[in-house]
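S.K.: kindly generate the corresponding structure for this input.
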Amino acid sequence: MTPKQLISGSRPLKIAVFSPSATLTPHFPTELDIAQQHLDAGHSVEFFHCTGQLKNCDHNPDRSPQLCSDCVGRRQMGLELLSPQVPHSSFSGESRTQVSIDFDCLENLLAYKIDDFDIGFAAYSSLVSNCRDPEPNLIQHREQLNRSLQSAGQTYYQTLDILSQRSFDRAYTFNGRFAALRAVLRACQKSGVDCYLHERGCDPQHFDLFKNELLHDIQSTEQIILDHWESANDRPDRETIASNWFQDRLDRVEKVWHSFVKNQEQGRLPDTWNPSQRNIGIFCSSDDEFVAIGEAWKNEIYPNQVTAIHRIAHDLHESNPEIQLYLRVHPNLASVDNERKTSMLSLQSPNLTIIAPDADIDTYKLMKSCEKIATFGSSVGSEAVYWGIPSVLLGPCLYQGLGGIYRANSHEDTLNLLTSSLQPQEKTGALKYGFWFQTRGIPHQYYTPTGLFDGQFKGQTIYAKPPKLTPWGRLKKNTRRILSSRSQSQE
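M.R.: Here you go, the predicted model:
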């Protein structure tokens, strides 16, 4: 989508921005940027937000009054920077319909829906992310889970009410994966109002939008990637741009998120590395982001990565003892403490070397030194394709249908692929993946980032409590406001 497409319309549009989550940078400034672009085009904008009424906040799960107050303060300052000023209102503290709570069975939780709203998955996604545990104990975390369910129910029904009472043409909200945010998406889908989910773009200067679907929706995002590649068919530098994404990853360039390999010692392999062996790398994923999306992310071969690695190592040791497996536990798990990680680090087999998440072994040197690699959806799987390393995929992911990988369909198929002599596959699919990540998104017009989590909107840092202005500072601020108001009236 281009800036022109963002605000396109044959008539003035009525825009609703649903912001039940915290006012974090860059996401809240992105909402302000989107709102201001629509205001510039003559559209009307209205914000709907939380000022502490929702039962749960994913960014304040302990319900700290200070964090809540800071969030309210940042929102107030940010909205005051919009020109002209826009109406805004808070969600109420109650839901017109009660939701089910006190689930002690994961199967029942994930099956729980309101209308077509997968509220069980939505609440579970919030819980998993807050706990950083793909298998949190529902009894132990009952209170937080119940609050996520209630928050999702509140947001869903109140969004339905707002959309039924007002004729909005379009709605915006952030991400859509978490409890209250997915409630907005599902309410919009039920009401027939287009919902645009905003996320980070290719770099801090861009944001991306996903229309009526989660970024994590495999089928729709795969089509977005393919369409994005085709739309650049006349660009002679298309493959060069795509290649730059893979090189940036190798060079530890931080563009959208932290580089998980920047603290690794370049070129370092495990001390036990023996180049005369058949060495295969297994790169696990930090699966808390994807485990609660929906059925499309269910691994049909293995119940989880720990079980998969245990079975693979055991069976390969029996059939092909000459193969040595190197398990690179995802660096993102370095600060995580959960049973899944403990079990993974405790795996033992004569043919298995485990590389801890905080070990300074070079992920890319390991990848390039292996005969082949296997992943459960980590981006390393696509990166290996680009660098000419046979890549075996053992689970669902966004690049699974782009080509270039060997995809296992059963445990027996996994063993066959890992023991066979595989050749690198054609890398066009990887280039499509890299090109999308390197170029996706819409440029910010009013938000100027100064880092991954810092920046200014219209030259202003959004504070919870802005510093007191001197008399001269107040005069300048009032002068800018008067000039801005006059400018708007003359347009």
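
S.K.: residue 412 belongs to a helix?
M.R.: Yes - counting by DSSP: H, G, I helix; E, B strand; the rest coil, residue 412 falls inside a helix.

S.K.: next, count neighbours for it.
M.R.: 11 (other C-beta atoms under 10 Å). Placement of C-beta: from N, CA and C, glycine included.

S.K.: give me the element residue 128 is part of.
M.R.: helix 119-131 (DSSP states H and E).

S.K.: what pLDDT, on average, does that helix get?
M.R.: Helix 119-131 carries an average pLDDT of 95.

S.K.: quick check: angle from the following helix or strand past it to helix 119-131?
M.R.: The helix or strand immediately downstream of helix 119-131 is helix 142-165, counting by DSSP H and E. With axes from the mean of the first three to the mean of the last three C-alpha atoms, to 10 degrees defining the directions, helix 142-165 sits at 130 degrees from helix 119-131.

S.K.: could you pull out the strands for the stretch 1-150 of the chain?
M.R.: Remark: strands assigned in the stretch 1-150 of the chain by DSSP state E, counting those that start in this stretch are 14-19, 44-49, 88-90.

S.K.: highest average neighbour count across those?
M.R.: strand 14-19 (a mean of 24; mean count of other C-beta atoms under 10 Å).

S.K.: and that one, C-alpha only, in CSV?
M.R.: Once non-C-alpha atoms are left out, strand 14-19 reads as follows in CSV (Å, rounded to 0.1, in the frame of the first residue of the first chain):
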residue,chain,number,x,y,z
LYS,A,14,-15.0,8.4,8.6
ILE,A,15,-12.1,6.8,10.4
ALA,A,16,-12.2,5.0,13.8
VAL,A,17,-8.9,4.3,15.6
PHE,A,18,-9.3,1.7,18.3
SER,A,19,-6.4,1.9,20.8
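
S.K.: what lies in contact with that strand?
M.R.: Contact partners of strand 14-19, identified using C-beta atoms under 8 Å, 6 or more residues apart in numbering, comprise 28, 31, 34-35, 38, 43-50, 75, 155, 159, 162-163, 166-174, 184, 193.

S.K.: strand partners of that strand, parallel vs antiparallel please.
M.R.: strand 44-49 (parallel), strand 170-174 (parallel) (DSSP bridges).

S.K.: need the strands of the stretch 1-150 of the chain in CSV (columns: mean pLDDT and distance to residue 70).
M.R.: As requested, those are arranged in CSV below (pLDDT from 0 to 100; distance: least, C-beta to C-beta, whole Å):
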stretch, mean pLDDT, distance to residue 70
strand 14-19, 97, 15
strand 44-49, 97, 14
strand 88-90, 95, 16
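
S.K.: can you give me the offset of stretch 221-228 from its chain's centre?
M.R.: 17 Å (C-alpha atoms, centre = their mean, to the nearest Å).

S.K.: could I get the buried residue list for that stretch?
M.R.: Residues 221-222, 224-225 are the ones in stretch 221-228 that count as buried (16 or more other C-beta atoms under 10 Å).

S.K.: next up, phi/psi of residue 197, please.
M.R.: Backbone geometry at residue 197, expressed as degrees, to the nearest 10, gives phi -90, psi 120.

S.K.: beta-bridge partners for it, please?
M.R.: residue 173, residue 210.

S.K.: got the contact list for it?
M.R.: 172-176, 181, 185, 209-211, 213-215.

S.K.: repeat that for residue 77.
M.R.: 460, 462-464, 466.

S.K.: which of these lies closest to residue 361?
M.R.: residue 462 (40.2 Å; C-beta to C-beta).
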